[in-house]
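A.B. asks: coordinates for the following, if possible.
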Amino acid sequence: MGWFEVLLLVSGGVYLAVLLWLNAGLRRHLTTLAEGWPRVSVVVAARDEEAQIGACLDALQAQDYEGEWEVVVVDDRSTDQTARSVAKRSWDRLRLVHAPRELRFRCPKKSALAAGIAASQGELLLFTDADCQPPPEWVRNTVRLFAPGVGMVAGHAFPQPVRGLRQGLLALDNLAVGALGAGSMGMGTPLSCTGRNLAYRLQVYEQLGGFSAIGHLIGGDDVYFMRLVSSTPWRIVYNPCQVQCSPGPQAWKAILQQKLRHASKAGNYQGPARGLAGAVYLFHLLLLVGVAKLASGQADLLFLGVWALRWLADLALLYRFAPGARERRLLRHLPFLEVLYIPYVLVFTALGRLGWFRWK
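C.D. replies: Coordinates of the predicted model:
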């Protein structure tokens, strides 16, 4: 057995072990729920979202939370009529805040969110994006998860269905990221989350000094902040209440930019998470070598067996996490995604780490 086979077995074994670990995390649920109706602020950062913000505010206005709560929309230097669309609404819970022109942090969204948090009055801060429509029970169900000791609650956001292979692959990739977040939170070592369905205590935000420690990083108002919270005694739990969002970018250029931003975050992990990312990167590099050997006519039964086992393990994890029949239908795209993940992990992670992307 040569070096290729040894490395393939070791890195593949690490990958499969991680998937088993994530599967175990998906079976763990929070059993202690909070009582009472604490004051809540829902913060929405919006930049050039004139077409989307109306549906978001309609969904928030339909929330059935019985306690005191407000919605703080931060106009993040929009060049369209986003601010005007918000200002013309006659809703006493709604407040409009303008982000400062001079960025406080390197990431524009962090600067906008910091301005919204500073203007908020809630002890619990809930976050979603301007192109999302949370279900009516979202605020109520999220608040109930803040049992004593819980500092952050993070859930999944799924895109509206759009026909076509390209959008199906993007939706399936989103499902995979959601499974990574849910499973790792269940195991007490959160690795991923989304700002489209996120909440944390104001106390936690203040204890960590807001975004100051991650202000130099582009993006990551969700994942990087989650990593800060995970270094404290506060617990992070998964929110089964999911949020619907827009289908996302349609043009290839916009899709590539989004994926570069997402892939760049793995390079900024520290500690065991960085070691895990390195092992996964090595595994995909070896898969690329194996595919190249296969294409050249060098049949490798060990490689085929490891790759097939990876497909089955991915399928099992995604099937368990998928909340319904619509999401499970996305699994028909898995063979395509398994192939595309090899260059995606290898190329996009490297380019994203080098900063080859732009922020909206």
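
A.B. asks: any idea how this structure splits into domains?
C.D. replies: 3-25+267-353, 32-251 (automatic domain parsing).

A.B. asks: and the helices in the protein?
C.D. replies: Secondary structure of the chain (DSSP state H): helices at 3-26, 53-61, 82-87, 108-118, 138-144, 165-186, 202-207, 223-230, 252-264, 272-295, 301-321, 325-329, 334-343, 349-353.

A.B. asks: of all those helices, which one is nearest S246?
C.D. replies: With C-beta to C-beta as the criterion, S246 lies closest to helix 53-61 of the helices of the chain, at 8.8 Å. Any C-beta I mention is one placed from the backbone N, CA and C, and that applies to glycine too.

A.B. asks: what residues of the closest one count as buried?
C.D. replies: 53, 56-57, 59-60 (16 or more other C-beta atoms under 10 Å).

A.B. asks: now pLDDT and distance to F4 too, for those residues, in TSV please.
C.D. replies: Putting the buried residues of helix 53-61 into TSV (pLDDT from 0 to 100; distance: C-beta to C-beta, whole Å) gives the following:
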residue	pLDDT	distance to F4
I53	96	52
C56	97	50
L57	97	55
A59	97	51
L60	98	53
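
A.B. asks: quick check: end-to-end length of stretch 145-154?
C.D. replies: 10 Å (C-alpha to C-alpha, to the nearest Å).

A.B. asks: just how off-centre is that stretch within its chain?
C.D. replies: The chain centroid and the centroid of stretch 145-154 are separated by 18 Å under C-alpha atoms, centre = their mean, to the nearest Å.

A.B. asks: before we move on, back to that, out of the buried residues of helix 53-61, who's nearest R328?
C.D. replies: The closest of these, once distances to R328 are taken by C-beta to C-beta, is A59, at 24.7 Å.

A.B. asks: for the nearest residue to the closest one once chain neighbours are set aside, which residues are in contact?
C.D. replies: Nearest residue to A59, sequence neighbours excluded (C-beta to C-beta, 6 or more residues apart in numbering): Q133, at 3.8 Å. Q133 is in contact with 55-56, 58-59, 243-245, counting by C-beta atoms under 8 Å, 6 or more residues apart in numbering.

A.B. asks: unless I'm mixing things up, G116 is touching V72, no?
C.D. replies: Yes: G116 lies in contact with V72 (C-beta atoms under 8 Å); the separation is 4.8 Å.

A.B. asks: shared neighbours, those two?
C.D. replies: By C-beta under 8 Å, 6+ apart, the residues touching both G116 and V72 are 43-44, 97.

A.B. asks: which of these lies closest to D80?
C.D. replies: Out of those, the member with the shortest distance to D80 (by C-beta to C-beta) is V44, at 15.7 Å.

A.B. asks: correct me, but that closest one touches V73?
C.D. replies: Yes: the pair V44 and V73 passes the contact test of C-beta under 8 Å, sitting 4.9 Å apart.

A.B. asks: mutual contacts of the two, please.
C.D. replies: Here V44 and V73 have 53, 116, 130 as joint contacts, going by C-beta under 8 Å, 6+ apart.

A.B. asks: reformat those residues as a markdown table; add distance to H333.
C.D. replies: Formatted as a markdown table, the shared contacts of V44 and V73 follow (distance: C-beta to C-beta, whole Å):
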| residue | distance to H333 |
| --- | --- |
| I53 | 31 |
| G116 | 36 |
| A130 | 28 |
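
A.B. asks: what residues are up against the residue nearest the centre of the chain?
C.D. replies: Nearest residue to the geometric centre of the chain (C-alpha atoms, centre = their mean): T194, 2.8 Å. T194 sits next to 154-157, 177-178, 181, 222 when contact means C-beta under 8 Å, 6+ apart.

A.B. asks: tell me the one of those residues nearest P233?
C.D. replies: Closest to P233, out of all of these and judged by C-beta to C-beta, is A154, at 17.4 Å.
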